[in-house]
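Colleague: structure, please.
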Amino acid sequence: MNERLKEVASSGDIDTLYSILQEDAYILERIDQVPFVDTPLHISASAGHVPFSLEIMRLKPSLAKKLNPEGYSPIHLALQNNQTKTVLRLVDIDRDLVCIQGREGLTPLHIAASGGMDDILAKFLTSCPKSIKQLTNRNESALHIVVKSEDIESVKILLQWIQQTCMTSILNWCDDEGNNAMHLVALGNQIEMVKLLINKVDMKAKNLEGKTALDIMKEHGLVEDKEVKEMLHGSHILRDVAKFVCSILLFVKRLVITDHHEILYMSKKDRNAILVVSVLIATATYQAALSPPISPPRKEMGFFPLGWISYECFQQLNTVAFVASMIEICVHLPSGIGYALHLVLPLVICYALLAIVSRSYFSLVITSAVIFLLILSKIPLVRQKVKGGFKPKNPNKLGGRFSFSMEKELTDISVHFGPSG
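Modeller: Down below sits the predicted model:
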């Protein structure tokens, strides 16, 4: 790389950067063609020059994901050098940077988990939820790494996130030695973490040595702790009932929260495609309501009026499809809730009036119940819409081991469903 450009990146001088670009307009393009290189963005991010880093990222976005010869991206280096402000600004511009795998498969989330960066860890999770699924070359998740670092506050953040986003299967993921999080906790003789994870992780899972987490706990004398004994030997019936109830609640939450995440972090292209499909469905179902098929008289159908039942099913499903398409249009429009309602509400009222004319009381009750469930499932999305549309949240001010303003972000999507167990 040009030595003059290195000096400019080290000092964060934007004016001189543009002087260099005027002399050589292709200098960043040539740097980008090198597979592994220390780019100006690597240098400025390491030094914490936020304005310069953002300028480079705007001019050449691909440099933000390029690895240097040591196997690190700019955000990796910013994390390693404790440049918190730079890290947060880079993630605000491109949240997918949290998923970049560098040396040994480590992502920025893994580095935050290993370094006790609790607030940054929470920010990464809320900015890029899919990053929790990234594994290192050793098949380690962020949970494996944070358990090894023995940082109980970071473990609490990850557990809270995993439970509230219904990704509890991650708790049982194993590394390349077959150890899940509970195996590692037991091997590290970490009694407080044992109390956090017990009965949340599969205690019967065996690692490659053929040992369960319980076997390792017995070897280290962890099962002699009074509180651990109570957790292990509590009422199995009550525990099974509680697990069954929780599994039902988690299933419902998973449907709603997954939908919320997909829409919240959806690309503009995908959002436009869904809007087009929703409008087509709304058009077809509204036309079907205006010109419905002729209902056969029930008295002419005999004891089992198959034609009448088919007609009623058609009307019910048509209404559900119409309402579902209206809801999708409402939550996917980029403007606030008022703008969406101005477009959607009059059409819904017209359809409702048509439905009242042609429906029986029983049919209206069934349809209303289904519509209510559809609306209920979209409460988090509507709530986000009322707040001002699907926009990334501004980074919170950092402070303390774990800022509970971050906890508000972590719990925002599940506030309507009560605390998670």
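Colleague: drop to CA atoms for contacts and neighbour counts, all remaining ones
Modeller: OK.
Colleague: point out where the stretch 1-150 of the chain drops to low pLDDT.
Modeller: For the stretch 1-150 of the chain, applying pLDDT under 70 flags the ranges 1.
Colleague: could you give the mean pLDDT of the helix or strand encompassing Cys330?
Modeller: Using DSSP states H and E, Cys330 falls within helix 306-332. Mean pLDDT, computed over helix 306-332, is 78.
Colleague: ditto for stretch 281-298
Modeller: For stretch 281-298, the per-residue pLDDT averages 76.
Colleague: tabulate the CA atom coordinates of it in CSV.
Modeller: Output in CSV follows, covering the C-alpha atoms of stretch 281-298 (Å, rounded to 0.1, in the frame of the first residue of the first chain):
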residue,chain,number,x,y,z
ILE,A,281,-53.3,-11.5,-2.7
ALA,A,282,-55.3,-8.6,-1.3
THR,A,283,-56.6,-7.8,-4.8
ALA,A,284,-57.6,-11.4,-5.5
THR,A,285,-59.3,-12.0,-2.2
TYR,A,286,-61.2,-8.6,-2.4
GLN,A,287,-62.4,-9.5,-5.8
ALA,A,288,-63.6,-12.9,-4.5
ALA,A,289,-65.6,-11.1,-1.8
LEU,A,290,-67.1,-8.7,-4.4
SER,A,291,-68.1,-11.6,-6.7
PRO,A,292,-68.3,-14.7,-4.6
PRO,A,293,-69.3,-18.1,-6.0
ILE,A,294,-73.0,-18.9,-5.7
SER,A,295,-73.8,-20.7,-2.4
PRO,A,296,-75.9,-23.8,-2.9
PRO,A,297,-79.1,-23.8,-0.8
ARG,A,298,-78.4,-25.9,2.4
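Colleague: hmm, back to that, which helices and strands sit right next to the helix holding Cys330?
Modeller: Contacts defined by 3 or more CA pairs under 8 Å, 6 or more residues apart in numbering; DSSP states H and E place helix 306-332 against helix 268-290, helix 337-358, helix 361-377, helix 379-388.
Colleague: just the buried residues of that helix, please?
Modeller: Applying a neighbour-count criterion of 16 or more other CA atoms under 10 Å, one finds 308, 312, 315-316, 318-332 buried in helix 306-332.
Colleague: now do stretch 68-77
Modeller: Applying 16+ other CA under 10 Å to stretch 68-77 flags 68, 71-77 as buried.
Colleague: any chance of those residues in JSON lines, plus secondary structure and distance to Ala113?
Modeller: Putting those into JSON lines (DSSP: H, G, I helix; E, B strand; the rest coil; distance: CA to CA, whole Å) gives the following:
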{"residue": "Asn68", "secondary structure": "coil", "distance to Ala113": "22"}
{"residue": "Gly71", "secondary structure": "coil", "distance to Ala113": "19"}
{"residue": "Tyr72", "secondary structure": "coil", "distance to Ala113": "17"}
{"residue": "Ser73", "secondary structure": "coil", "distance to Ala113": "17"}
{"residue": "Pro74", "secondary structure": "helix", "distance to Ala113": "18"}
{"residue": "Ile75", "secondary structure": "helix", "distance to Ala113": "15"}
{"residue": "His76", "secondary structure": "helix", "distance to Ala113": "13"}
{"residue": "Leu77", "secondary structure": "helix", "distance to Ala113": "15"}
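Colleague: wait, which of those residues is closest to Leu208?
Modeller: Ranked by distance to Leu208 (CA to CA), those are led by Gly71 at 29.9 Å.
Colleague: my guess is the closest one contacts Arg103. True?
Modeller: Yes - using CA atoms under 8 Å, Gly71 makes contact with Arg103 at a distance of 4.6 Å.
Colleague: wait, isn't His49 in contact with Thr86?
Modeller: Yes - His49 lies in contact with Thr86 (CA under 8 Å); the separation is 7.3 Å.
Colleague: between these two, who's got more neighbours?
Modeller: Taking other CA atoms under 10 Å, His49 and Thr86 do not tie; Thr86 has more neighbours (24 against 21).
Colleague: can you pull the contacts of the closest residue to the more buried one other than its chain neighbours?
Modeller: Nearest residue to Thr86, sequence neighbours excluded (CA to CA, 6 or more residues apart in numbering): Val50, at 5.3 Å. By CA atoms under 8 Å, 6 or more residues apart in numbering, the contact set of Val50 is 44, 85-86, 89.
Colleague: equivalent analysis for Leu17, please.
Modeller: By CA under 8 Å, 6+ apart, the residues touching Leu17 are 5, 8.
Colleague: run the last query once more with 7 Å
Modeller: Neighbouring residues of Leu17 by CA atoms under 7 Å, 6 or more residues apart in numbering: Val8.
Colleague: element containing it?
Modeller: Leu17 belongs to helix 14-23, assigned by DSSP H and E.
Colleague: distance-wise, check Lys60 relative to Leu90.
Modeller: The gap separating Lys60 from Leu90 is 13 Å, by CA to CA, to the nearest Å.
Colleague: more neighbours, the two?
Modeller: Leu90 (22 against 14).
Colleague: return the backbone torsion pair for that one.
Modeller: Dihedral angles of Leu90 (phi, psi; degrees, to the nearest 10) stand at phi -60, psi -40.
Colleague: what do you get for Ser149?
Modeller: Backbone geometry at Ser149, expressed as degrees, to the nearest 10, gives phi -80, psi -10.
Colleague: with Lys206 instead?
Modeller: Torsion angles, degrees, to the nearest 10, at Lys206: phi -100, psi 140.
Colleague: one step back: relative to Arg138, which of the buried residues of stretch 68-77 is nearest.
Modeller: Lowest distance from Arg138 to the buried residues of stretch 68-77 (CA to CA) belongs to Gly71, with 16.1 Å.
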